[in-house]
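[1] Mind folding the following:
(2 chains)
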Amino acid sequence: MNTKQTTCDDRSLLAMLQTDSGGREQEAILKHIEQCAYCQMRLEELAADRDCWRKAGEALSASSQGDDVEQWDGTRSQLSYSHLADFPVVWTESMARQLLSPPSHPEMLGRLGRYEVERLIGAGGMGVVFKAFDTELHRPVAIKVLVPYLAGSGPARKRFAREARAAAAIVHEHVVPIHNVETERDTPLLVMQYIAGESLQSRIDRTGPLETCEILRIGMQIASGLSAAHQQGLVHRDVKPSNVLLEQGIERALITDFGLARATDDATLTRSGVHPGTPQFMSPEQAQGEPVDARSDLFSLGSVLYTMCTGRPPFRAESTLSVLRRIADDEPRRIRQLNPNIPEWLCAIVQKLMAKAPADRYSCAADVAALLEQCLAHHQQPEFISLPEEAAQLQQDSYRSPFTRFLYRKARSPMTKILISTAAILGIIAYYWQSLPVSQAVASLQGEWLLVAAERDGNPTPKDQFFNERLVIDGNRYSRHQTAPDGTEIHADEGKLSIDQKDPAGTIDLKLSMGTIHGLYKLTGDELVLCVTREGGPRPDSFQTKAGDQRMLQTFRRTKKPESVNASAQTDEADKAPDSERDTTWAKSWMKRIPEQLSGHIPRDQVQQWMRDNGFENIVSEDITLDVMKRIHPGVDEAAMQRDGVRTYLHGLLKPANADDGRDAIEVYCLFDAADKLLALTVGPLVVEESGQTESTAHSRTASPVDDDDTEGVGPKSPSGDKGEPVKS
Amino acid sequence: MPTSSPETRASLIRRLQNAADVASWDEFVGLYGPVVYRVARGRGFQAADADNLVQEVMFAVARSVSQWLERADRGSFRAWLLRIARNEAADTILRRATRPLGRDGEVATRLLSELPARDEVSSRLDLEYERRVFRWAAERVRPTVAPHTWQAFWLTHVEGLSIEEAAKQLRTRPGNIYVGRSRVMARIKELVQTYEDNP
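    Numbers count the residues shown, from 1 in each chain, chains lettered A, B, ... in the order given. Predicted coordinates for the structure are as follows:
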């Protein structure tokens, strides 16, 4: 190139574009370019056309300015792509055949060494499973083969060999036995006993929730199998319904797939930050990538029990990440909300297994197996064998009054958490209601109703799409609320309640944007009772709810909106409203008056009516056990209760007319015998859990037929205060 | 590099005989995933929803790979991936947007009235994809040129400095800026073209 060049020349410009001398360009050319506007332009044109320059500028400035839209996060994408692993790979027999040598019999799929492979029976994360026949020992076997793309990978081979060694070391009636391991082959394989039957997962898919007796039996068997593994220092790490096989006929449960199991002292395999387990059944510590021990399997066992109880996994969300987040932060929905047939004590056991902190769970699987065994014995022969002490104790601990339970549940949901300090109080006011003429009843309803997945014009709700869906009735409008997996609260105003008020009972259709819920309603006094069929059923034919049936009953109560309470309280309520002063006079007078009014062996209807007439709210009637009863009514005559077959109790709340603070409220618990007659009564100030205070006075009186004189005793603590756990924040 | 799940990849590997096709898939997921994500976020999707949407699209695309394999006249794998992912993403985004649920208190009807036209979403996807390809190319060019050369391009073309200002900042003569910026641009263009022409 000529150093004296001063003319415009595309070739020299192109040559410059194609080299990179780090800024040491030829002096003369540079000088020319600096002076020649044509060459400046030409240089640009030669590099790229105008459009290309513009696009590059836009693309890069968008990325450099941090962007209006959040950047796609690589780590999250890694995580969420693993979600795809939830979809089973469709392995066909012809694909699987490629792993095998040609068969010696035409009806067979192929051959693996001395095993004649009959068919493909499953595909997991790391391998495919064949049913085969051992030609030397003449027995059917299941062979797991590491998939070829992983067979070339060192870590995968190691993991496979580890699974083989781990599983082979466990000999237990509830662990699938390993016959043979070949890790030196091109495609490593694991030979197991062939179990004819189905997995627990397919059983649940097929039949829905299991019977309590089955749950206890299978749970006990899984626990004892896990115990054997744990004694060898092995954590399964992937306990889930699809890894539990149920043997045909006797339905013996066997744990399989120790794919993730690793010796707890195996330090050579460090955590890689990925979550190899099935997220839905992971423990919180696994979900957070923390080290796990045997207690992690106990959490997963709890999740499996939950799934057997309810027919669905405890934590569901749209993406793996959301599932992981829910495992770490959320409480699953109460089992009995989904399946009222499950006894409270079993729920309590599952709850303890699923404690977020490992230290709050049982200490070992053997204990769980033993406990479940005793529970099973009790369940099968309740007359002769009492519930194990441990389960009975748990049940008591988990008990909360309906009101405090309501607060507790509210406090756990992310949206209300922030609001709780004020909402606890507002919530109470919102529930304040008074006697209104029937004509106004509909216009002033208030209540919330868990829908979850109601019928949508006959189409079942797409699985896993909506969560925590509620129908909220406020005034005469109803709206649908739901909490998205990321905690966002979404709601849609759906319409106006239309009820023919001349007709105290009839049919009702709630039109939602997703479809219509068909139900029955009845208006009784101050309540609207709705009954619908859940999960895609037809309109119910009566208000009877049968155990295990999909019907939902919900009572909505008349209420006044908070704003109007103050305005109308003085006028409307002046004659019958309790003392409006916020000193203790009001409470004291009621504490005295209630036991006076509710004296004697009076029927439940009458008590309920009296409570309604006197402005009680949150009136709930529930079946109750002796243990819980003893806690609420410390002074009650236990022998009399046992003799009279205590069955239900009634809970109600009474608040001053212009209350702006829930702590002024009075809680009443009434206990009824099998004949629905009043047996005992406990009156005490309501303790709002948020306050962290425990009120310590409660009047208790037993009205048992034997001990008829009013023994007014002072209970040690008010019921809710005694049992209330502090709300987790 | 973002990857699809081992299972999706494995099943693809079994079906795709050509190793280059597998590489195309990996590269495609890395490039197109963010595109779908950004368009979805731009449409008001929550992060988790957008994330999920990406997965749905990728899964749907992976599932239909066999259709491409069955075609006698199958063209380039990447071109096909791009076309099918574009349709799938536009469909998914629109389908979700019509879900009759208010977001953050908005009412269903409002979302419905905002229902974006399919063309709009498609062109948004194309634009984002194009930008993504440019960024991808720029990321590859940057380490291959001298830092000053890169800076000459970046300061003048992305940050908008004049030639003189850039020269001053980089303590070099303006001529070097003219040459440097065009040199970078030429390489980016070359890479983008190679990518587009040789799928």
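[2] Can you tell me the closest non-neighbouring residue to residue A:373?
    residue A:220 (5.1 Å; CB to CB, 6 or more residues apart in numbering or on different chains). No exception for glycine: its C-beta is placed from N, CA and C like everyone else's.
[3] In this structure that neighbour contacts residue A:376, no?
    Yes. The pair residue A:220 / residue A:376 is scored as a contact, 6.3 Å apart, by CB atoms under 8 Å.
[4] per-residue pLDDT, the residue lying closest to residue B:177 once chain neighbours are set aside?
    Nearest residue to residue B:177, sequence neighbours excluded (CB to CB, 6+ apart): residue B:152, at 4.6 Å. Looking at residue B:152, its pLDDT stands at 90.
[5] Surely residue A:518 forms part of a helix?
    No. According to DSSP: H, G, I helix; E, B strand; the rest coil, residue A:518 belongs to no helix; its state is strand.
[6] That one and residue A:529, how far apart?
    Look at residue A:518 and residue A:529: by CB to CB, to the nearest Å, they are 15 Å apart.
[7] what's the answer for residue A:251, then?
    41 Å.
[8] For chain B, which segments count as helices?
    B:6-15, B:19-42, B:47-63, B:65-70, B:77-97, B:108-113, B:118-141, B:147-153, B:163-170, B:174-197 (DSSP state H).
[9] With the stretch 301-450 of chain A instead?
    With DSSP state H, counting those that start in this stretch, the ranges of helices along the stretch 301-450 of chain A come out as A:320-329, A:335-338, A:344-353, A:365-380, A:389-398, A:402-412, A:414-430.
[10] averaging pLDDT over each of those helices, which comes out lowest?
    helix A:414-430 (a mean of 27).
[11] what's near enough to touch the residue in chain A positioned nearest to chain B?
    Relative to chain B, the nearest point of chain A is residue A:30 (3.0 Å; CB to the nearest CB). Going by CB atoms under 8 Å, 6 or more residues apart in numbering or on different chains, residue A:30 touches B:173, B:175, B:176, B:179.
[12] if we go to 6 Å?
    By CB atoms under 6 Å, 6 or more residues apart in numbering or on different chains, the contact set of residue A:30 is residue B:175.
[13] residue in chain B nearest to chain A?
    residue B:175 (3.0 Å).
[14] Just give the closest residue to residue A:256, not the sequence neighbours.
    residue A:176 (4.2 Å).
[15] isn't the one you found right up against residue A:191?
    No. Between residue A:176 and residue A:191 there is no contact under CB atoms under 6 Å: 11.1 Å.
[16] For the closest residue in space to residue A:327 that isn't next to it in sequence, give its distance to residue A:280.
    Distances taken as CB to CB, 6+ apart place residue A:287 nearest to residue A:327, at 4.5 Å, with adjacent residues excluded. In this view, residue A:287 and residue A:280 are 10 Å apart by CB to CB.
[17] same deal with residue B:50?
    Distance from residue B:50 to residue A:280, counting by CB to CB: 22 Å.
[18] Next: residue A:362.
    21 Å.
[19] Under the pLDDT cut-off, which ranges of chain B? List them.
    Applying pLDDT under 70 to chain B flags the ranges B:1-22, B:72, B:74, B:95-118, B:197-199.
[20] Relative to its centre, which residue of it is most distant?
    Distance from the centre of chain B peaks at residue B:173, with 36.3 Å (CA atoms, centre = their mean).
[21] how about a markdown table for the helices of chain B, with mean neighbour count added?
    Putting the helices of chain B into a markdown table (neighbours: other CB atoms under 10 Å in any protein chain shown) gives the following:
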| stretch | mean neighbour count |
| --- | --- |
| helix B:6-15 | 19 |
| helix B:19-42 | 20 |
| helix B:47-63 | 22 |
| helix B:65-70 | 14 |
| helix B:77-97 | 19 |
| helix B:108-113 | 13 |
| helix B:118-141 | 18 |
| helix B:147-153 | 22 |
| helix B:163-170 | 17 |
| helix B:174-197 | 22 |
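[22] Kindly present these as CSV, with separate columns for distance to residue A:472.
    Shown next, in CSV, are the helices of chain B (distance: least, CB to CB, whole Å):
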stretch, distance to residue A:472
helix B:6-15, 40
helix B:19-42, 29
helix B:47-63, 23
helix B:65-70, 45
helix B:77-97, 24
helix B:108-113, 16
helix B:118-141, 33
helix B:147-153, 57
helix B:163-170, 60
helix B:174-197, 53
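[23] Residue B:141: what's it in contact with?
    By CB under 6 Å, 6+ apart, the residues touching residue B:141 are B:187, B:188.
[24] That one and residue B:166: what is the separation?
    Distance of residue B:141 to residue B:166, given as CB to CB: 18 Å.
[25] what's the following helix or strand after the helix or strand where residue A:120 lies?
    Assigned by DSSP states H and E, residue A:120 falls within strand A:115-123. Going down the chain from strand A:115-123, the next helix or strand is strand A:127-134, by DSSP H and E.
[26] Quick check: can you name the pairing partners of whichever helix or strand comes after that following strand and their directions?
    On the C-terminal side of strand A:127-134, the nearest following helix or strand under DSSP H and E is strand A:139-146. Here strand A:139-146 has these sheet partners by DSSP bridges: strand A:127-134 (antiparallel), strand A:189-193 (antiparallel).
[27] Export those as a markdown table, with columns for mean neighbour count.
    Below are these laid out as a markdown table (neighbours: other CB under 10 Å):
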| stretch | mean neighbour count |
| --- | --- |
| strand A:127-134 | 22 |
| strand A:189-193 | 22 |
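[28] just so I know, which of those lies nearest residue B:62?
    Proximity to residue B:62 (CB to CB) singles out strand A:127-134 among these, at 18.8 Å.
[29] tell me the mean pLDDT over the closest one?
    Mean predicted lDDT for strand A:127-134 stands at 83.
[30] try stretch A:539-548
    Stretch A:539-548 comes out at a mean pLDDT of 62.
[31] ok, back up a step: wait, what's in contact with the residue nearest to residue A:373?
    A:369, A:372, A:373.
[32] how about 8 Å then?
    A:369, A:372, A:373, A:376.
[33] My understanding was that the first one contacts residue A:224; is that so?
    Yes. Counting by CB under 8 Å, a contact exists between residue A:369 and residue A:224, whose distance comes to 4.1 Å.
[34] hmm, back to that, now do the residue nearest to residue A:256, the pLDDT please.
    Note on residue A:176: pLDDT of 89.
[35] can you count the residues close to it?
    Residues lying near residue A:176 (other CB atoms under 10 Å in any protein chain shown) number 22.
[36] Just to check, it is in contact with residue A:243?
    No. Counting by CB under 8 Å, residue A:176 sits too far from residue A:243 to count as a contact (9.5 Å).
[37] how much space between the residue nearest to residue A:327 and residue A:334?
    For residue A:287 relative to residue A:334 (CB to CB), the value is 21 Å.
[38] Determine the number of other residues adjacent to residue A:219.
    Applying other CB under 10 Å, we find 30 residues neighbouring residue A:219.
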